[in-house]
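Peer 1: predicted model and sequence below, questions to follow.
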Amino acid sequence: MKPLKLCIGIDVSKDTLVCCKGSLDPGNRISFSKPRSFSNDHEGFAQLSGWIKEESCPEIRFVMEATGVYYENLAYWLDSRGSQLSVILPGKIKHYAKSLNIKTKTDTVDARILSRIGLERKLDSWKMPSGAMREIKFLSREYREVKAKLVVSKNQLHAKMHSYGCPPSVEKRLKKQIGLLETQLLEIEAEIRKTVMADNTLYDRINRIVTIPGVGFMTVMSILSETNAFVLVKNAKQLVSYAGLDIQHNRSGLKEGKTKISKRGNSFIRNALYMPALCASKRNPSMKVFYNRLIERKPAKKIGITAVARKLLILIYTLWKNNEEFEPERKRSRQTDDLPTQDEHNVLLQ
């Protein structure tokens with residue numbers, strides 16, 4: 001019997017692709033094939049394509065888990081050939097497996113779970129980032145890494161300068177290292193700006209967002225590159241969850257556990273927002289009022305900074321979506337203006 005839908009679940013590792021074909025027949029019955037393994041390279045991709053060509057089905061979808069960077073080569077290869085592809089976050093697959101009461105975790109089991117979720121649910125298709133956005137993502141992550149090294153080197157220099165009997169050669173090398181890292185930061189930022197300025201539309205939209213007090217060019221570029229310019233973001237709630245700034249409750253009966261942010265999301269976005277939130281809480285008039293009202297209700301600065309970071313993220317998304325500049329006096333929706341609920345006061349920042 002000809003299947004109505006065919007879904008290929010692919011469990012990706014550094015060297016191997018474990019694949020399982022799942023099919024849905026006209027009677028809504030689901031069946032799975034015996035898993036096959038292929039190498040995670042172009043030769044393996046071609047063999048996988050040949051394996052799928054054996055099937056005749058009007059709808060074929062590939063489903064894989066976002067496992068670091070190892071899935072990317074196959075994802076780009078499939079997308080370039082017009083295949084329907086969905087890439088799912090690991091947390092979503094984990095909870096789906098729990099709902100099936102599956103306790104075993106192997107590559108073959110994971111491939112079957114990915115195939116099943118593709119058959120049972122309507123999944124969003126993966127959108128390939130543009131060449132410019134891919135380049136900006138690499139550069140913005142490198143910028144954060146170099147900046148972290150610079151902070152470490154400066155702290156080491158401070159410690160050496162205040163230590164007794166530290167050889168001058170040690171200080172000299174550290175200062176040289178700091179100079180090199182500072183030069184690299186300038187080079188990376190210049191390269192990002194050059195890439196952005198090549199696209200006039202992108203450049204204009206970014207200039208509108210940086211009108212937010214406390215939000216700089218590199219912060220905006222980090223958030224845009226990590227979200228692929230919000231291509232798959234449907235609403236602010238989804239974006240907050242993707243950044244790991246959503247609230248995680250811990251209550252049951254008489255138990256009143258600790259409520260905090262989930263941190264189950266993109267840590268690069270949270271890191272990029274921390275300093276802008278700190279700056280906005282002091283320099284941005286509307287954010288300063290918002291922050292001070294939070295602190296008055298509960299004197300915990302970390303909670304206030306987290307709330308400001310989340311508010312900034314939603315504001316950036318709103319301005320990008322509407323292609324607008326920041327207007328301090330404009331009344332915005334309740335979603336971005338109102339104080340958090342009592343539970344949100346218990347949010348903790350990484």
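Peer 2: Nice, I can see it. Residues are numbered from 1 along each chain as shown.
Peer 1: and Gly131, how many residues sit next to it?
Peer 2: 9 (other C-beta atoms under 10 Å). Backbone N, C-alpha and C define where each C-beta goes, glycine included.
Peer 1: how close does it sit to Phe138?
Peer 2: According to C-beta to C-beta, to the nearest Å, Gly131 and Phe138 sit 11 Å apart.
Peer 1: what does Glu171 give?
Peer 2: Distance, Glu171 to Phe138, by C-beta to C-beta: 33 Å.
Peer 1: same deal with Gly91?
Peer 2: 24 Å.
Peer 1: check Lys127 too.
Peer 2: Taking C-beta to C-beta as the measure, Lys127 falls 18 Å from Phe138.
Peer 1: same question, Tyr70
Peer 2: For Tyr70 relative to Phe138 (C-beta to C-beta), the value is 16 Å.
Peer 1: for the residue nearest to Ile10 when sequence neighbours are not counted, list each beta-bridge partner.
Peer 2: Distance criterion C-beta to C-beta, 6 or more residues apart in numbering; nearest residue to Ile10, sequence neighbours excluded, is Met64 at 4.3 Å. For Met64, the beta-bridge partners under DSSP bridges are Ile10, Val87.
Peer 1: helix or strand next in line after the helix or strand harbouring Arg205, which one?
Peer 2: In this structure, Arg205 sits in helix 200-209 according to DSSP states H and E. Downstream of helix 200-209, the first helix or strand assigned by DSSP H and E is helix 217-226.
Peer 1: tell me how far that next one lies from the chain's centre.
Peer 2: Put simply, helix 217-226 sits 11 Å off its chain's centre (C-alpha atoms, centre = their mean, to the nearest Å).
Peer 1: got the contact list for the helix holding Arg205?
Peer 2: 132, 196-197, 215, 217, 220-221, 224, 316, 319-320, 323-326 (C-beta atoms under 8 Å, 6 or more residues apart in numbering).
Peer 1: could I get the phi/psi values of Lys149?
Peer 2: The phi/psi pair for Lys149 (degrees, to the nearest 10) reads phi -60, psi -40.
Peer 1: assumed Gly22 was part of a strand.
Peer 2: Yes: according to DSSP: H, G, I helix; E, B strand; the rest coil, Gly22 belongs to a strand.
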